[in-house]
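**Q** Kindly return the folded structure for what I paste below:
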Amino acid sequence: MMASYRWLWLVALVLLGWLVYALQPILSPFLIGVLLAYLGDPLVDRLERYKLSRTWGVVVVFAIISLLLVLMLLVLLPMLGKQMVRLYEMAPQMLDWLQLQALPWIQLKLGLSEGFWRFDQLKAAFSGQLGKTTDIVGLVLSKATSSGLALLAWLANLLLIPVVSFYLMRDWDLLMARVRALLPRSREGLVVKLSGECHEVLGAFLRGQLLVMLALGLMYSTGLMLVGLELGLLIGILAGLASIVPYLGVVVGVGAAMTAGLFQFGLEPFPLLAIAAVFTVGQLLEGMLLTPLLVGDRIGLHPVAVIFAIMAGGQLFGFTGVLLALPVAAVIMVLLRHAHDFYKLSDLYGESKGDSAEPPNPE
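**A** Sure, this is the predicted structure:
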């Protein structure tokens, strides 16, 4: 009987994977809606403690999210747009700087051969790609406008996200209670325990690490703009987004900021030291304040597991796989931890009596 149940679960898992693969073109708005509902549910629960109804709590949370999005559209996007245009204008100058100053200096210090970099070929290829940028944009726009049905479907999916997240957020506790009521009575305790651990892992990463990511992006952007770096906002936000994987943000940020700083300021020590100080202060605040306060001592996902999960999900299921990567990785991590505990308690891990006996004395 147990074997038949295991086969049934295996068939259900395979069927679920096939459905995700077959329905991935329409799953994205629903998965984003589930993610927003999951992130917003604790805020709604907290508002309910202040005697606010569930529906009005969801309305308040949606109003806050909408206000933040409007502020981002009105303030952040125009500034980012200007810096993107500035980066596009600076790209040929940066290529010339690399060719005439940076790479010859590295070549001299390392004793490399004259034609080691083959920079003329790299510059020609890169310039060709830059020249095609406007053509690519025009091609995308022409495709979007030529297919009105596809454009309408994209807009419908975009509008579907707040609708799905609103209803899921409003009924989240009810849905969780109904799912729990469907669990087999003999396995309810185990499933609830595993679900709680998955929630701890996923919540620690999503809620905690996302807040750390936003705080670091704000600190990096503000600091780099105060230093006077032209691309400070763009690099700061990029470093903040990369911080979704711990320590990756500071590596990306320092590399990009130092490169931009060398191009803009040359070898002047003060601006370069100021750039290094911005990321040093950010890392100190993250380690001593942000991570203990926002993430706590809960076990999150290992950085390597995050990178692998996102890449594997994208490879297997595209954007839908990217959205599913972290929840699936959290579940797998919890199951592997319990499998490790069961293995340590099993006879396979423990020594048998014959193996544990004292070896005979050769004398």
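**Q** ok, then the element right after the helix or strand containing Asp96?
**A** If you go by DSSP states H and E, Asp96 is part of helix 77-97. Sequence order places helix 103-110 as the next helix or strand after helix 77-97, per DSSP H and E.
**Q** Run through this protein and note the low-pLDDT ranges.
**A** Within the chain, the segments meeting pLDDT under 70 span 1-6, 109, 111-151, 295-301, 351-363.
**Q** Pick out the residue closest to the middle of the chain.
**A** The residue lying closest to the centre of the chain (C-alpha atoms, centre = their mean) is Ile244, at 4.7 Å.
**Q** I'd like to know which elements the helix holding Asp96 is packed against.
**A** helix 119-131, helix 232-242, helix 248-265 (3 or more C-beta pairs under 8 Å, 6 or more residues apart in numbering; DSSP states H and E). Using the backbone N, CA and C atoms, a C-beta is placed for each residue, glycine as well.
**Q** what angle do that helix and helix 248-265 make?
**A** Between helix 77-97 and helix 248-265, the angle formed by their directions is 60 degrees, by axes from the mean of the first three to the mean of the last three C-alpha atoms, to 10 degrees.
**Q** Could you export helix 77-97 as CSV, CA atoms only?
**A** Extracted in CSV, the C-alpha atoms of helix 77-97 (Å, rounded to 0.1, in the frame of the first residue of the first chain):
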residue,chain,number,x,y,z
LEU,A,77,12.8,56.4,-13.6
PRO,A,78,13.6,59.8,-15.2
MET,A,79,16.9,59.9,-13.3
LEU,A,80,17.8,56.4,-14.3
GLY,A,81,16.8,57.2,-17.9
LYS,A,82,19.2,60.2,-18.0
GLN,A,83,22.0,58.0,-16.6
MET,A,84,21.3,55.3,-19.2
VAL,A,85,21.5,57.9,-22.0
ARG,A,86,24.7,59.2,-20.4
LEU,A,87,26.2,55.7,-20.3
TYR,A,88,25.3,55.2,-23.9
GLU,A,89,27.1,58.5,-24.8
MET,A,90,30.1,57.6,-22.7
ALA,A,91,30.6,54.1,-24.1
PRO,A,92,32.8,55.1,-27.1
GLN,A,93,34.9,57.4,-24.8
MET,A,94,35.3,54.6,-22.3
LEU,A,95,36.4,52.2,-25.0
ASP,A,96,39.1,54.8,-26.1
TRP,A,97,40.2,55.2,-22.5
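**Q** how far away is Ser195 from Arg180?
**A** With distances taken as C-beta to C-beta, to the nearest Å, Ser195 is found 9 Å from Arg180.
**Q** Neighbour count: those two, which is higher?
**A** Ser195 (16 against 12; other C-beta atoms under 10 Å).
**Q** which SS state does the more buried one fall under?
**A** helix (DSSP: H, G, I helix; E, B strand; the rest coil).
**Q** what separates Pro104 from Leu110, distance-wise?
**A** Between Pro104 and Leu110 the computed distance is 11 Å (C-beta to C-beta).
**Q** For stretch 89-100, list every residue counted as buried.
**A** The neighbour-count check on stretch 89-100 (16 or more other C-beta atoms under 10 Å) flags 90, 94-95, 97-98 as buried.
**Q** ok, now how distant is Pro303 from Gly236?
**A** According to C-beta to C-beta, Pro303 stands 21 Å off from Gly236.
**Q** which one is Pro271 nearest to, not counting chain neighbours?
**A** Sequence neighbours aside, Phe265 is the residue nearest to Pro271 in space, at 4.2 Å (criterion: C-beta to C-beta, 6 or more residues apart in numbering).
**Q** thought the one you found was touching Leu273?
**A** No: with contact defined as C-beta atoms under 8 Å, Phe265 does not reach Leu273; the gap is 10.7 Å.
**Q** before we move on, the earlier item: next one: the helix holding Asp96 to chain centre, how far?
**A** 25 Å (C-alpha atoms, centre = their mean, to the nearest Å).
**Q** tell me what the helix or strand hosting Met176 is packed against?
**A** Assigned by DSSP H and E, Met176 belongs to helix 172-181. Where contact means 3+ C-beta pairs under 8 Å, 6+ apart, helix 172-181 is packed against helix 2-49.
**Q** where's the helix it packs on relative to the chain centroid, distance-wise?
**A** 18 Å.
**Q** Against which helices or strands is it packed?
**A** Using 3+ C-beta pairs under 8 Å, 6+ apart, the elements in contact with helix 2-49 are helix 54-71, helix 148-170, helix 172-181, helix 303-345.
**Q** need the contact list for Leu326.
**A** By C-beta atoms under 8 Å, 6 or more residues apart in numbering, the contact list for Leu326 reads 202, 205-206, 301, 306, 309-310.
**Q** any chance of those residues in a markdown table, with neighbour count too?
**A** Shown next, in a markdown table, are the contacts of Leu326 (neighbours: other C-beta atoms under 10 Å):
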| residue | neighbour count |
| --- | --- |
| Leu202 | 21 |
| Phe205 | 23 |
| Leu206 | 19 |
| Leu301 | 22 |
| Val306 | 20 |
| Ala309 | 23 |
| Ile310 | 18 |
